[in-house]
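In: Sharing a model that was predicted from the sequence below.
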Amino acid sequence: MQRTTMAPRRPRFDVTSLGETMLRLSAPEDAGFAAASTVALHVGGAESNVCSTLAQLGRRCGWYGRLPRNLLGDRVTDELSRRGIDVSAVDRPSDGRVGLYFVDSIADRFGRTVVYDRAGSTASRMRSESVPWAYLTDTRLMHLTGITPALSPECAAVAADAVGHAKAAGVAVGIDVNYRRQLWDAAAARAALEPLVRRVDLLICAGRDAREVFALGGDDETVLRQLAELSGATWVVLTLGDAGVLALSPGEMVRQAAVPARVVDTIGAGDALAAGVIDGWLDGSLREGLRRGVRLAALALGQAGDMPIVTRAELIDPMPSS
């Protein structure tokens, strides 16, 4: 009698994520909030920004968060859904508020000023017992950021449990450190994030965050190796702004130059880069992920808002490596 074997079930998603998605209000560059009578409204959050880019590239993405069941919460879920992200698991309580942030490009002559109004948001009251873990672990990769544990002690517990649930389900975990000085200091961030980064498979961290949060020093290659030793992640990516990206995978260190870009809006460029890295990782090539990442970051810099419009065709152009 011939025995038949069933193929492993394909996960529902390529990438899942959880966190806070907010509304962003931006003042006109020629006026700033001091004189503006109108503002531009965008939807943005590090985790959903990554999912938005990946979904536009054809990846199956699911996002979980908490948003109030009101006009502003609807604005967020409608935008994420329009971008191709599955939001069927989002918790929509009847009370609470959407987190806000304000961007003023001329308030500071040396760059933009960002003001958060997110304390006590519905998302910050996330509880582990209410998270749909079966939904989030039905994936190839669970993507997290260091922003979520900064929102509240409860959110810090959720982030830690997310790693645990993913590991128990045999799901790979990625984290982008994404240190936010407005939310917590470096010592608090290190205490919360170091246990997480020790358990992830894919780690993305800005060079400045590696030095400030984890107190690493030396040149970029030294910092990258120290970060790899600290985390134990198989794939470690150090983002370096205009200097490009440096990454370490088993037996290979890869450097990718940044792509020159006309800068319209810097917010969201790092998330676009992370999406490119993840896209390459899903295809089994960290080197290709870096190439895609710097291309996507350049595309994001040239567009207003946190979630750039991108297509897979825009990643085909040959990119220089160094």
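Out: Thanks, I have it.
In: CA only for contacts and neighbour counts going forward, please
Out: Noted.
In: the bottom helix or strand of this protein by mean pLDDT?
Out: Between all helices and strands in the chain, the lowest mean by mean pLDDT, DSSP states H and E belongs to strand 100-108, at a mean of 75.
In: Which strands or helices does the next helix-or-strand element following that one pack on?
Out: Next in sequence after strand 100-108, counting helices and strands by DSSP states H and E, comes strand 111-117. Judged by 3 or more C-alpha pairs under 8 Å, 6 or more residues apart in numbering; DSSP states H and E, strand 111-117 is in contact with strand 100-108.
In: my guess is G62 contacts E47, does it?
Out: No - taking C-alpha atoms under 8 Å as the definition, G62 is not a contact partner of E47, at 10.4 Å.
In: Those two: which is more packed in?
Out: In this view G62 and E47 are compared by other C-alpha atoms under 10 Å, and G62 has more residues nearby, 30 against 27.
In: Give me the buried positions along the one helix or strand V15 maps to.
Out: Assigned by DSSP H and E, V15 falls within strand 13-18. Under the neighbour-count criterion of 16 or more other C-alpha atoms under 10 Å, strand 13-18 has 13-18 buried.
In: Which neighbours in the sheet does it have, and how are they oriented?
Out: In the sheet, strand 13-18 lines up against strand 61-64 (parallel), strand 139-145 (parallel) (DSSP bridges).
In: Pick the most deeply packed of these.
Out: Among the strands paired with strand 13-18, the stretch with the highest mean neighbour count (mean count of other C-alpha atoms under 10 Å) is strand 61-64, at a mean of 28.
In: related to what we said a few turns ago, which stretch among the strands paired with strand 13-18 comes nearest S121?
Out: strand 61-64 (15.0 Å; C-alpha to C-alpha).
In: Can you list the helices and strands that the helix or strand following the closest one packs against?
Out: Sequence-wise, the next helix or strand downstream of strand 61-64 (DSSP H and E) is helix 71-82. Helices and strands touching helix 71-82, by 3+ C-alpha pairs under 8 Å, 6+ apart: there are none.
In: what's the average pLDDT for stretch 23-34?
Out: The average pLDDT within stretch 23-34 is 83.
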